[in-house]
Each structure stands twice: as C-alpha cells, then as structure tokens.
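Novice: Predicted model follows, preceded by the sequence.
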Amino acid sequence: MPVYDCSDSCKLRLSDIPAAPGVYIFRDSANEVLYVGKARDLRKRLASYLRKGSGVPARTAIMIGHARTFEVIVTPSEKEALILEATLIKRHRPRYNIVFRDDKAYPFLRISTGETWPRISIVRSRRRDSAEYFGPYPSSGALRETIRLITTTFGIRTCTNRAMKNRSRACLQYQIGKCSGPCVGAVSSQEYRQKVRQVLDFFAGKSSNVIKQIREDMHQAAEALEFERAARLRDRITALQKVLERQSVVSKLHASWDCIGFHSHSGNASVAVLRIREGMVTGCETRRISLQTQEPAAEVLKAFMLSYYQDAAPAREILVPELPKDAQWIVQWLSQLWNYRVGISIPERGDRKRLLAMAQENARQDVEQTEIRRRRWKGIADAIASTLELSRPPISMECIDISTTGGELPVGSLVAFRYGEAWKQGYRIYNINGIEGMDDFAMIHQVVSRRMERAREKGDLPDILLIDGGRGQLSAAIDAVNQLDAECGMQVISIAKERKGEGEKIYVHGRKTPLMLSSTDPVLLFFQRMRDEAHRFGITAHRRRRDRRRSISGLSDIPGVGPARQKLLLETFGSMDGVYRASLHTLQSVKGIPADVANRIYDFLHGKDT
C-alpha cells in the first residue's frame, strides 16, 4: 500500500496517485488514522484536498493541517471502495469521520438454525454463521420478556449444547412447561422444526401468518376432539397477541419499512430508526453523534447506514429525509450483503411520510433532551470548578472504590462519567492481587497505579479522579499518580463518609482542611452519586467473584476433584445449582468424571458421608 508524505504538498507529485476508484487514509505524526474516505478517482479527490486554495470545508482543512502522511488502496469499483471505507471506519474510528459513538451494545436475538435442535439466545454481536439473527433491540429487558413468552409458548430450548449433550433426564425448564424437551426425545424433530419456523416467521414480522396457522391447527384439534391440544394452541395464540399488544399499529398495509430520522443543533446530532414490520412499530432506537462542524444530513445518513446495517438487517425499503450521496452503491451493497433487494427513497405522501416525520421527531426529541442534560450539567460543572478552584469546568470524571469481605477476594471498581452521565464504556473492575488482609491504602495504590499505566498507553485520564475514602486513601492515590506522572493535570480528591454527625468530607490534594459542603449542595450530591455508583458496581463484581470461588471451593474437599474437574462440572451443568440438581446417573455420564468420583460428588452434595 503506497504511503505519501503530505507535510509539504508542493513537493507531492499528484501524477503518482492512481486515477482509479479506491480508498484514502490520512494519518498524523503518531501514525494514528485521522480520516478515511473513498473516491471514484483518487487522484482528483486528493488533488482537491492538497492543492492550495481548493476551498475544502473547514473540518477537512483542519484535518489536512494535522495530517503528515496518507495511503491509498485501489479497488476494482466504486462499490468495493464504499464497502472498504465502511470497514476501515468501523475498525479505526477516525477522529474526523462521522462516527457513531453510542456506547451501548444493543442485544440481538439469535436462533441457531444450523443445529439439529435450534436454540434461542440473546447475544451482543452478530456473527457470520448459519444462525438467524433479529435486531438489534433497544431494550434488553423487553427482549428477555419477549423470549420468556416465546419459549413458554413454543418450547424452544435455551440451554447450551454442552448441557443438552450431557443430560439424561428432562431439565427443570421442561418440567415447568418452558421447553418441549428435545434432549430426552419428548418432541419429534419435525414438530420441533415446525415450532422453530413459526418463531422465525414471528420475529421476521409475519405474525399474522403465524397466528392464522396456529388458529387453523387449533380448530382441527377441536374437531378431532383433541381438546387439551386445542387449549394449548389457544394459549399460544393468547401469548403471541400479548407480545403484539406492545406494538403500535401504524398502517393498514402489511408494510415493512425502516424510517431514519435525523436532527442536529449546536454540535449535537441524533439519528433515530423507526422499524415498521407488518404495519406495526416494532422498535425505535437512537444513536447520538457529536459534530465538530455542521454536516449535511445526507453525509450523516450515509455514515449511519454504512455503520448500522453491517450488523442489523434492513427492511426492504428504507425511508430517509434526504438521499445520501452514493445511494445507488449503498443499495447495491445492502442487497448483496443481505441477499435481498433493498431500496432507499424519500417519501412524498401517506403513511410513509407520516412515519418518517415520527422518526424525525424522535431524533429531535433526543437532541433536545441531550441539550437539556448538558445545560444542567454545565451548572454543576461550573460549581465543581469553583469549589475545587479548577482552571476550567470538568468534562470527564472517574471514581474508584474497593470492595472486599474481610480481605477476601478484593476488587477495585472504577466508574466513569462524562458530561455528568454514567459512561459505561469506561467502567472497569480490577482484581487485586498480592495484598494480605485489609490494607485499604495498598489496594487503592494498586488500582490507581494500574489506571495510570493504562493512561500512559492511551492518554485517557479524566479531569477529576474521586477516591472513596479519607485522607489516607487520598495520599495512597496521590503517591501512585506521582510515581508514574507527577504532571498529569488530573485533580485527585476523596470523599469520606459521615461520622459522628459531622457530615461528609471532601479531601483535596494540597489543601490542609477538608471541604465541608451542605448536604444539599449539588457538588456534594454529584460526588455522592459517583461514589454510590462505584460502590454498587464494585459490590456486584465482588459478590460474583466471591460466589464463583465459593461455589467451587467446596468441591475441592472431595478426593479426586481438582480444579480441572471443578471447571468441567461447571461448564457441563452451568452452575453449582445445576450440579446439585444432577442425578447420580447424570454425574456418572459426564466424560472425564470416573464413576467412583461421581459417587463421592453426589454423596457430598446430598449430605452423605464421603
């Protein structure tokens, strides 16, 4: 891949650049990717960037000012350039591209249709495998509730392949009517596949067809005097209608559209996707972006579709307020990627126009709410800067807390906030090692040191680091910071819990006496909120680690059960509860567990002498 020096564009021979379709990549002096673009003619496009007085947009001019080198990749056609551009933007997330920095990993529903007995599950990313994926869905809670109803209705399994393979008797899910029991032959392969097909049709938006087929089966069962089967089918219809009740009917037509709305104001922008399936709204999700300069809606929509539809299957018709540049290539790419014809259009009348307006309003409301929260945060940030005597209001803040029980399995939790809101992408858990007993100072020192090491690599220190503790914990944190970077520019403070009615104290490095703020002071309330979130996050992680250790520690007392067999048991049965519920015969059937060891495990778990 040719690399060109653009630090002095006068010396650059543009004739060396291929006059062909392809992708170009600008990098800075640290070799970080600044911008990725595609062009029908690389030489013409780059000439417009590099020639003086070419009148490029302000954002492009700023990028060129930081660029030191650029590379070009020639592709067979403009369509291939578009695909490569989307891939490189997603991989490098360049600073000057329009990148959707939503930190949520929206859930997908996965049905493993490539297996003999397909399984339904929730995953956070879509893979190129033989399974069917639906989503992403904006609410994991709503998706889990939907799956609960679907599995109860159709009896599709949710257990892992390992758990199913090693099962010799029906599980609890089968016993309570939430699984049809393929592991024990309680359902034929043909009947199970029919259930799976109905579930696939339901999530694909063909709910009316599924309900119609089930209703026909119900009438046939009733005519054949199979009243119990007819009742089960009736309950299945009721459950599906309960799921559909949550969706709003928006069109009399059996329409399937993706309506993409866009709104921007004062550097804040949002894209909203309103998904219509079978004439019903099945979901609406928003993605926020921060624009350094005012970007045309068409450019934002193009960047969004290239990013979003790499994982999420589009409707056959995508409705937009403006046609993005290269719409024809996007249509070809999507059609090729998902193996069906996809269209992009601007609606002019009727339901299409009304629903696109609804998506536009969702995007506008999201931007408005973002600005309200930013204004509210500005007041708090100014108050923090004044209280702590900072040179400027903080934007990013982090809080560290230690969670342990008598020194057992200590963990350090770190939570991150940006513009006053929890930034889950910055959350971290540190497993603390090599410290004996309840040495809180040493634990704080270790966690802060590890955080500083990460900052040395990524340069991502917050404006304020808050420590849960008093003067001693603050001193330990300051010592860790000074060992690695004494001039990091980060303000380190601590918050000590109230004792003897004195109120909570805020210790600031370099200040002899602690700050004593009113219990209603917004600065104190915000620090308390951060501290409580770090405590919640740390306690959850500590309990999970402690329970995992304790759940297997008892097995180590059994002769013949070492770490390898403990891990095998947990992988096979999913949890200690699963091991406990397993019958003696099931334990004996696990490969890698001898019969005599299985007997000892069973006797130990059921209170018998081993």
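Specialist: The structure has been received and is ready for your questions. Bear in mind the structure is a predicted one, so any value in this text is a computation, not a measurement.
Novice: and residue 264, what helix or strand is that in?
Specialist: For residue 264, the element it lies in under DSSP states H and E is strand 257-265.
Novice: Please tell me how far residue 126 sits from residue 317.
Specialist: Distance check for residue 126 against residue 317: by Cβ to Cβ, to the nearest Å, it reads 21 Å. Glycine gets a C-beta too; all of them are placed from N, C-alpha and C.
Novice: coming back round to it: need the CA coordinates for the strand holding residue 264. PDB is fine.
Specialist: The C-alpha trace of strand 257-265 is given here as PDB (Å, rounded to 0.1, in the frame of the first residue of the first chain):
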ATOM      1  CA  TRP A 257     -40.000  -0.100   6.400                       C
ATOM      2  CA  ASP A 258     -37.000   1.400   8.200                       C
ATOM      3  CA  CYS A 259     -37.700   5.100   8.700                       C
ATOM      4  CA  ILE A 260     -34.500   7.000   9.500                       C
ATOM      5  CA  GLY A 261     -34.800  10.500  11.000                       C
ATOM      6  CA  PHE A 262     -32.000  13.000  11.600                       C
ATOM      7  CA  HIS A 263     -31.800  16.200  13.600                       C
ATOM      8  CA  SER A 264     -28.800  18.300  14.700                       C
ATOM      9  CA  HIS A 265     -28.400  21.500  16.700                       C
END
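Novice: could I get the helix or strand that that strand is followed by in PDB with only the CA atoms?
Specialist: Counting by DSSP H and E, the next helix or strand C-terminal to strand 257-265 is strand 268-277. In PDB, the C-alpha atoms belonging to strand 268-277 read as follows (Å, rounded to 0.1, in the frame of the first residue of the first chain):
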ATOM      1  CA  ASN A 268     -25.300  17.700  19.000                       C
ATOM      2  CA  ALA A 269     -27.000  15.300  16.500                       C
ATOM      3  CA  SER A 270     -29.100  12.200  16.600                       C
ATOM      4  CA  VAL A 271     -30.300   9.600  14.200                       C
ATOM      5  CA  ALA A 272     -33.500   7.700  15.000                       C
ATOM      6  CA  VAL A 273     -34.500   4.400  13.300                       C
ATOM      7  CA  LEU A 274     -38.200   3.600  13.500                       C
ATOM      8  CA  ARG A 275     -38.700   0.000  12.500                       C
ATOM      9  CA  ILE A 276     -42.000  -0.900  10.900                       C
ATOM     10  CA  ARG A 277     -42.800  -4.600  10.400                       C
END
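Novice: Any idea how far strand 268-277 is from the middle of the chain?
Specialist: 17 Å (Cα atoms, centre = their mean, to the nearest Å).
Novice: What helices and strands are in contact with it?
Specialist: strand 257-265, strand 280-290, helix 297-308, helix 350-388 (3 or more Cβ pairs under 8 Å, 6 or more residues apart in numbering; DSSP states H and E).
Novice: Would you mind telling me which of those is nearest residue 119?
Specialist: Smallest distance to residue 119 across the helices and strands packed on strand 268-277 (Cβ to Cβ): 22.6 Å, for strand 280-290.
Novice: hang on, the earlier thing: paired strands for the strand holding residue 264, with orientation please.
Specialist: strand 268-277 (antiparallel), strand 317-319 (parallel) (DSSP bridges).
Novice: closest one to residue 341 among the ones you listed?
Specialist: Short answer: strand 317-319, nearest of the strands paired with strand 257-265 by Cβ to Cβ, at 9.5 Å.
Novice: and the next helix or strand after the closest one with helix 297-308, angle?
Specialist: Note on strand 317-319: by DSSP H and E, the next helix or strand toward the C-terminus is helix 327-338. Calculated by axes from the mean of the first three to the mean of the last three Cα atoms, to 10 degrees, helix 327-338 forms an angle of 10 degrees with helix 297-308.
Novice: buried sites along helix 327-338?
Specialist: For helix 327-338, the neighbour count (16 or more other Cβ atoms under 10 Å) marks 327, 329-334 as buried.
Novice: most neighbours per residue, which of the helices and strands packed on strand 268-277?
Specialist: With neighbours taken as mean count of other Cβ atoms under 10 Å, the helices and strands packed on strand 268-277 reach their highest mean count in strand 257-265, at a mean of 24.
Novice: who's in contact with that one?
Specialist: The contact list for strand 257-265 (Cβ atoms under 8 Å, 6 or more residues apart in numbering) reads 269-276, 291, 294-295, 297, 300-301, 304-305, 314-315, 317-321, 352, 355-364, 366-368, 371.
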